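K.L.:
Just to be clear, the model below is a prediction. Sequence and coordinates:
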Amino acid sequence: MQRNKLFWVIIAALVFVASSVSAEQGQAVDKDKGLSELQKQKIADLKLEIDQLNKELNLTPKQKAKIDEIKSKAKDKIQRIAEDARLKIRDIRVKLNKEIDALLTPEQKEKMKQFNQKHTAPASGAPATNPAR
């Protein structure tokens, strides 16, 4: 029973982290991992909770190894789902921006372009780009 509970806690936590990763926008992103500082902190907090749960359940090394294997498989699946969601969201934003552009005057389009450049600038200081425009 405790093993089953741990499994579902870990799966729920992984799903939460993955959905947070795909939902957040405008955070400073680490180029090596593609994770923002906030996302890294959530993962660190989650690992701490899992470690505490492992201690409370007094898991055997064999149980820990099996749970790590289960988590790894789930993580891979969640990452694929999150990437698919990111691509779908990007497609929706492209379509949305095209529909909005069709309604704007040339002056409004220019103001919108300036607004987007000002408000979507990456944290690195690089020039802003909006692939949807």
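P.N.:
Thanks, I have it.
K.L.:
rest of the way, CA atoms for contacts and neighbours
P.N.:
Fine.
K.L.:
which stretches of the chain have low pLDDT?
P.N.:
1-34, 121-133 (pLDDT under 70).
K.L.:
let's see 90
P.N.:
1-61, 63-65, 67-80, 82, 116-133 (pLDDT under 90).
K.L.:
Tell me where this structure has helices.
P.N.:
Assigned by DSSP state H, the chain shows helices spanning 2-23, 37-57, 61-103, 106-119.
K.L.:
Would you mind pulling up the elements that the longest one packs against?
P.N.:
Contacts defined by 3 or more C-alpha pairs under 8 Å, 6 or more residues apart in numbering; DSSP states H and E place helix 61-103 against helix 2-23.
K.L.:
In TSV: the helices of the chain, plus mean neighbour count.
P.N.:
Output for the helices of the chain, formatted as TSV (neighbours: other C-alpha atoms under 10 Å):
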stretch	mean neighbour count
helix 2-23	16
helix 37-57	14
helix 61-103	14
helix 106-119	13
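K.L.:
quick one: Lys88 from Lys95, how far?
P.N.:
Going from Lys88 to Lys95 by C-alpha to C-alpha, to the nearest Å gives 11 Å.
K.L.:
How about the backbone phi and psi for Thr105?
P.N.:
Phi and psi for Thr105, reported as degrees, to the nearest 10, are phi -80, psi 160.
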